[in-house]
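Here is my input; please provide its structure:
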Amino acid sequence: MKLFEVYPLFDITPVKGEDCYVWDDMGNKYLDLYGGHAVISIGHSHPHYVDRISNQLSKLGFYSNSIQNPLQQELANKLGELAELPDYQLFLCNSGAEANENALKLASFKTGRKKIVAFEKGFHGRTSGAVAITDNANIIAPFNANHVVEILPLNDLEKIEACLSKQDVAAVIIEGIQGIGGIIVPDPKFLEKLETLCKKYGTLLILDEIQSGYGRSGKFFAFQYTNVKPDLITIAKGMGNGFPIGGVLIALHLEASYGLLGTTFGGNHLACSAALAVLETIENQKLINNSLETGNYLLSKLSEISNIKAVRGQGLMIGIDLNKPIKPIRMELLRKNYIFTGVSGTSTMRLLPPLTLKKSHVDYFIDCLSEAVESG
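As a prediction, this is how the structure comes out:
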């Protein structure tokens, strides 16, 4: 049977990973500055992560959510503690798109409204509701377009208030930092005013922290650079370090009732074990602080390179605009220097490395990037 082609594939087959490195089947060693779309948060094959999943699998790998699973409450407690958000409820699912689907559904249930507001350059997933609120016409099928969605410019308070004042919007969804859009950080004042407007007009505020959460920004969640308190927060990617898991943090005023949300695989024993290992490692190795310090070091080093048009981001979520085409530079880094990086569109290089990144890794990357930019 042939595989359905989804992405153009690099001619590389990774077979082993350790911390910030992966090896291919030819024995080549690569510095991973992309983390598989921001998924690898605590590094590849972290010993504690491997042990926790292995130990759980030797006991019980899966049972349905019709029985008690103490690991779910343990995960909720630990997440509330590290994120400093004890006054939320946790719904567990399998992916970021699924987290956004459930957040949208819950917002519609609770407000009785149909309309959703999202923002230009935003990306929220590829399932039906999530893709409908994503600003990319190429991935919205006719079936998806049936949703009632309005896409507005980011940071435009006048347009958002004009829209919300009609009092027909169930929720506004915004990324803590736009990832695929090019590492765009919302204006903190806009985010705080957006929360005020949502409360004024009875609209729920959803923070999509799927890519920007779990310490990547130098805070547990990127919105925590402000005083905003979202109604719902969606999470995934770095949450499981590669094991599929997602979730929705739900404010206590949105009371639970049976039948509103449900899942078969969400919050299973292995997924919870993986997510707990991630949180324990983030705490024990002080990875949020490392993300902030190493990210600031990386930003300062990037500012010294000529031919860089702009650098954006927070922590270890960084976008780089060059004064020349990005993709040839990216390919040179991959083929010549064995460095994985990502891109956003045609103009931005995206860095989303493991939160274990060290300054020595940064120095190597800066040397390689400087050479590639000057010679490219």
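
any idea how far the spatially most central residue of the chain is from G181?
Centrality entry for the chain: nearest residue to the mean C-alpha point is Q211, 1.0 Å, by Cα atoms, centre = their mean. Between Q211 and G181 the distance, using Cβ to Cβ, to the nearest Å, works out to 10 Å. (Each C-beta comes from the backbone N, C-alpha and C, glycine too.)

thinking again about what came up before, could I get the pLDDT score of the residue nearest to the centre of the chain?
pLDDT recorded at Q211 is 98.

Looks to me like it is in a helix.
No - the assignment for Q211, made by DSSP: H, G, I helix; E, B strand; the rest coil, is coil rather than a helix.

That one touches L316, doesn't it?
No - with contacts counted by Cβ atoms under 8 Å, Q211 stays clear of L316, the gap being 11.4 Å.

Give me the distance from stretch 368-376 to the chain's centre.
Between the centre of stretch 368-376 and the centre of its chain there are 29 Å (Cα atoms, centre = their mean, to the nearest Å).

Check stretch 250-261 too.
Using Cα atoms, centre = their mean, the distance from the centre of stretch 250-261 to the centre of the chain it belongs to is 23 Å.

and what of stretch 359-373?
Stretch 359-373 has its average C-alpha position 25 Å from the chain's average C-alpha position, going by Cα atoms, centre = their mean.

how about that stretch: buried residues?
Of the residues in stretch 359-373, those with enough neighbours to count as buried (16 or more other Cβ atoms under 10 Å) are 361-362, 365-366, 368-370, 372-373.

one step back: shared neighbours, Q211 and L316?
Shared contacts of Q211 and L316, defined by Cβ atoms under 8 Å, 6 or more residues apart in numbering, are found at L352.

Now do the shared contacts for Q211 and G181.
Between them, Q211 and G181 share these contacting residues under Cβ under 8 Å, 6+ apart: E175.

So which bits of the helix or strand harbouring V50 are buried?
Under the criterion DSSP states H and E, the helix or strand holding V50 is helix 47-59. Of all the residues in helix 47-59, those buried under the rule 16+ other Cβ under 10 Å are 49, 52-53, 56.

And the helices in the stretch 151-300 of the chain, which stretches?
When assigned using DSSP state H, counting those that start in this stretch, the helices of the stretch 151-300 of the chain occupy the ranges 157-164, 188-200, 269-284, 287-302.

Please tabulate those in JSON lines, including the columns distance to E120.
Shown next, in JSON lines, are the helices of the stretch 151-300 of the chain (distance: least, Cβ to Cβ, whole Å):
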{"stretch": "helix 157-164", "distance to E120": "11"}
{"stretch": "helix 188-200", "distance to E120": "13"}
{"stretch": "helix 269-284", "distance to E120": "32"}
{"stretch": "helix 287-302", "distance to E120": "25"}
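
can you list these in TSV and add mean pLDDT?
As requested, the helices of the stretch 151-300 of the chain are arranged in TSV below (pLDDT from 0 to 100):
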stretch	mean pLDDT
helix 157-164	98
helix 188-200	98
helix 269-284	98
helix 287-302	98
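
May I see the buried residues of stretch 311-324?
For stretch 311-324, using 16+ other Cβ under 10 Å, the buried residues are 311-322.

ok, those vs E293, which is closest?
Distance from E293 was checked for each of these by Cβ to Cβ. The minimum falls on G315, at 9.1 Å.
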